[in-house]
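In: show me how the following folds:
(one chain, ligands or ions: 1)
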Amino acid sequence: MAMLNHLTTACWKKVQNDRLKKQLFFICRALHKSAASDAFGISAAGEGAMPESVISSAAVGEKPRILSLEEMPGPSTLSNLVEFFWRDGFSRIHEIQMEHSKKFGKIFKSRFGPQLVVSVAHRDLVAEVLRAEGVAPQRANMESWKEYRDTRGRSTGLISAEGEDWLKMRSVLRQLIMRPRDVALFSDDVNEVVDDLINRVRILRTQESDGATVLNVNDLFFKYAMEGVAVILYESRLGCLENEIPQETQDYIGALHLMFSSFKTTMYAGAIPKWLRPVFPKPWDEFCCSWDGLFKFSQIHVDKRLSEIKAKVERGEEVKGGMLTHMLVTREMNLEEIYANLTEMLLAGVDTTSFTLSWASYLLARHPHIQQQIYTEVTKTLGPGAVATADDVSRLPLIRGLVKETLRLFPVLPGNGRITQDDLVVGGYFIPKGTQLALCHYSTSFDEENFHDSLNFQPSRWIRKDSTDRVDNFGSIPFGYGIRSCIGKRLAELEMHLALTRLIQKFHICVSPLTSEVKSKTHGLLCPADPINLQFIDREN
Ligand code: HEM
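Out: Next up is the predicted model:
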């Protein structure tokens with residue numbers, strides 16, 4: 001930091017022009033902010049960088065020229081309209097991101113009607129933006145989510161809340177599920193769900209003529225992810241992996257599907273002005289209906305746990321439990337906030353994990369030699385037939401590499417958003433406060449500068465050769481970075497590491513003849529464009 005202060009002072013002396021001085025001031029302020037985020041427990045892998053162009057031109061004694069948004073390149077509004085509405089760009093957002101970053105460079109702007117979006121498509125610039133964040137970063141405009149909650153008298157949760165409300169809830173939840181040691185406590189619960197996943201694979205494959213194929217594995221992993229996250233969030237089983245799924249769980253799945261299957265509709269729900277709703281009521285009605293279903297489900301499970309706790313207290317018994325019990329007993333959040341947070345966490349934790357598991361299994365099936373290497377690592381480390389726990393995962397670098405590499409090639413959230421809370425200079429451009437930024441994780445994941453041989457699946461690229469080897473970089477941050485990053489990262493990793501380890505122990509995973517190459521498409525999240533059908537053939541243990 002001291003060195004950067006020195007550098008900025010040197011630039012200040014060289015800069016004669018007042019406007020440039022003002023812009024340099026914003027840079028300094030952004031740099032000081034990164035120190036503030038460190039105080040909130042964000043690890044900075046280095047110091048926040050001043051825009052490259054500013055540093056290099058100052059070093060050779062030229063006046064740094066900070067460019068305006070008007071000067072930023074980008075596709076025209078008309079071409080965007082054609083791309084999205086005519087050529088179904090909503091299902092190719094990741095490809096459009098790649099095309100645009102190749103064409104317009106590491107920072108470019110796009111217009112969607114009145115909304116201007118600045119896309120940041122270079123690892124160092126993404127790092128610069130995230131390291132300059134304040135104490136309560138804002139991701140996107142959540143007006144439609146807030147409006148639903150206001151009309152129904154509901155609270156916001158971590159995804160939809162902003163400012164003080166968000167900060168309060170985040171500080172409660174991060175104590176419960178962000179540290180590896182807290183999440184390790186859920187190992188046995190998750191392993192019970194993994195047992196059911198393995199049984200389910202065995203049942204499903206008997207239903208196919210070859211006795212080996214599981215059709216559309218995402219359907220299976222969806223149920224696993226839902227059961228796995230719910231066992232932690234609600235401290236109860238939902239029966240997703242049973243032959244007969246309970247009605248209330250089926251209703252929830254219906255509401256979740258409505259939310260995602262009507263993705264465009266729900267996007268329009270936010271985009272259509274209120275006064276037009278009587279003419280086009282369907283998007284808003286579906287949006288509200290699916291939220292009603294999601295909230296109702298959380299409320300049922302939270303109330304059930306609350307009654308159990310009350311009954312124990314009345315009987316004078318000790319109350320023990322996990323995350324939900326802790327929240328209900330300490331009441332650091334009120335009941336409405338608990339409902340809202342569990343609703344939003346369940347929503348955030350199911351498809352993300354299931355798509356990643358589907359891609360990971362698909363990649364293993366397409367790369368049998370890599371699958372064999374991982375199998376060898378697992379059996380050598382754990383011994384034959386042992387069930388892995390969270391504590392074992394640090395000794396399974398290829399399993400961790402498998403998840404990281406899957407998320408690099410198929411980042412479930414191909415891009416992430418931020419609304420700037422201060423004026424900023426990024427990549428030599430002046431970005432005023434209140435600008436919507438899109439951080440282009442998909443294109444940085446395939447940038448050769450960040451990942452050599454970037455198109456190839458190589459879980460071993462994530463293994464450190466020695467303590468000085470730096471394998472992590474801002475080119476692939478599938479869970480985001482910093483104070484507003486994914487709060488469920490550790491839970492998701494636990495679910496995925498334990499499930500993949502066991503699947504690899506038990507089965508040779510092969511591509512079914514019913515499946516050829518599966519491409520990805522965007523449907524809110526990055527998901528398989530076609531069903532992934534895989535064979536699970538018993539290993540001879
Ligand atoms: C493969 C699995 C997952 C991936 C790739 C993923 C990715 C992400 C990303 C990229 C963000 C935005 C971060 C940012 O803006 O910087 C996010 C936010 C969030 N995720 Fe996840 N996620 C996953 C699983 C989960 C799970 C299992 C849960 C719940 C237990 C969860 C709960 C959340 C919540 C509540 C937020 C909002 C955090 C906030 O605004 O403070 N996610 N996730």
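
In: in the stretch 301-450 of the chain, which spans are strands?
Out: 416-419, 424-426, 429-431, 436-439 (DSSP state E, counting those that start in this stretch).

In: how far away is residue 170 from the ligand?
Out: Residue 170 sits at a distance of 5 Å from the ligand (criterion: CB to the nearest ligand atom, to the nearest Å). Every residue, glycine included, has its C-beta placed from N, CA and C.

In: confirm that residue sits in a helix?
Out: Yes. Assignment of residue 170 by DSSP: H, G, I helix; E, B strand; the rest coil places it within a helix.

In: give me the number of residues near it?
Out: The local packing count at residue 170 equals 19, with neighbours defined by other CB atoms under 10 Å.

In: quick check, pLDDT for it.
Out: What the model reports for residue 170 is a pLDDT of 97.

In: could you find the closest non-adjacent residue to it?
Out: Nearest in space to residue 170, with sequence neighbours left out and distances taken as CB to CB, 6 or more residues apart in numbering, is residue 158 at 6.2 Å.

In: which SS class is that neighbour?
Out: For residue 158, the assignment made with three-state DSSP gives coil.

In: mind listing what it touches?
Out: By CB atoms under 8 Å, 6 or more residues apart in numbering, residue 158 lies in contact with 166, 169, 170, 173, 341, 344, 345, 487.

In: any idea how far the fourth one is from residue 296?
Out: Between residue 173 and residue 296 the computed distance is 22 Å (CB to CB, to the nearest Å).

In: those two: which is more packed in?
Out: Relative neighbour count places residue 173 above the other of residue 173 and residue 296, with 20 against 15, counting by other CB under 10 Å.

In: quick check, the more buried one in a helix?
Out: Yes. When three-state DSSP is applied, residue 173 is found to be in a helix.

In: which positions in the stretch 201-350 of the chain make contact with the ligand?
Out: Residues of the stretch 201-350 of the chain lying close to the ligand (CB under 6 Å from any ligand atom) are 229, 344, 345, 348, 349.

In: flag the shaky bits of the stretch 251-400 of the chain, pLDDT-wise.
Out: Low-confidence regions of the stretch 251-400 of the chain, defined by pLDDT under 70, span residues 261-271.

In: residue 300 touches residue 248, doesn't it?
Out: Yes. The pair residue 300 and residue 248 qualifies as a contact (CB atoms under 8 Å) at a distance of 6.2 Å.

In: give the buried residues for stretch 524-536.
Out: With burial defined by 16 or more other CB atoms under 10 Å, the residues of stretch 524-536 counted as buried are 524, 525, 526, 527, 528, 532, 533, 534, 535, 536.

In: and the last one, backbone torsions?
Out: Just to be clear, that refers to residue 536. Its backbone dihedrals place residue 536 at phi -120, psi 100, with angles given as degrees, to the nearest 10.

In: for the closest residue to it other than its chain neighbours, list each beta-bridge partner.
Out: Setting aside the residues directly before and after it, residue 536 is nearest to residue 507 in space (CB to CB, 6+ apart), at 4.1 Å. The partner list for residue 507 in beta bridges (DSSP bridges) reads residue 538.

In: just give the nearest non-adjacent residue to the closest residue to the ligand within the stretch 201-350 of the chain, would you?
Out: Ranking the residues of the stretch 201-350 of the chain by distance to the ligand (CB to the nearest ligand atom) places residue 349 first, at 2.9 Å. Nearest residue to residue 349 in three dimensions, chain neighbours excluded: residue 229, at 4.1 Å (CB to CB, 6+ apart).

In: ok, the one you found - how many residues close by?
Out: As a burial measure, the neighbour count of residue 229 was computed by other CB under 10 Å and equals 25.

In: next: the one 4 residues further on.
Out: Residue 233 has 23 neighbours, counted by other CB under 10 Å.

In: gap between the nearest residue to it once chain neighbours are set aside and residue 254?
Out: Leaving aside its chain neighbours, residue 233 sits nearest to residue 342 (5.4 Å; criterion: CB to CB, 6+ apart). Plainly put, residue 342 is 18 Å away from residue 254 if you go by CB to CB.

In: residue 118 now?
Out: Residue 118 is 38 Å from residue 254, where distance means CB to CB.

In: what does residue 506 give?
Out: The value you get for residue 506 to residue 254, if CB to CB is used, is 31 Å.

In: looking at the two, which is more packed in?
Out: Using other CB under 10 Å as the criterion, residue 506 and residue 254 rank with residue 506 on top: 17 against 13.

In: show the contacting residues for that one.
Out: Residue 506 makes contact with 198, 536, 538, 539, 541, according to CB under 8 Å, 6+ apart.

In: ditto for residue 503
Out: With contact set as CB under 8 Å, 6+ apart, residue 503 has these partners: 197, 198, 201, 361, 509, 536.

In: now do 6 Å
Out: For residue 503, no contacting residues are found, by CB atoms under 6 Å, 6 or more residues apart in numbering.

In: tell me who's in contact with residue 94.
Out: With contact set as CB under 6 Å, 6+ apart, residue 94 has these partners: 414, 442, 522, 526.

In: show me which pair in these is furthest apart.
Out: Spatially, the most separated pair among the contacts of residue 94 is 442 and 522, at 9.2 Å (CB to CB).

In: more neighbours: the two, which one.
Out: It is residue 442, of residue 442 and residue 522, that has more neighbours when counted by other CB under 10 Å, with 26 against 22.

In: so how far is residue 95 from the residue lying closest to that one once chain neighbours are set aside?
Out: Sequence neighbours aside, residue 414 is the residue nearest to residue 442 in space, at 3.7 Å (criterion: CB to CB, 6+ apart). Plainly put, residue 414 is 9 Å away from residue 95 if you go by CB to CB.
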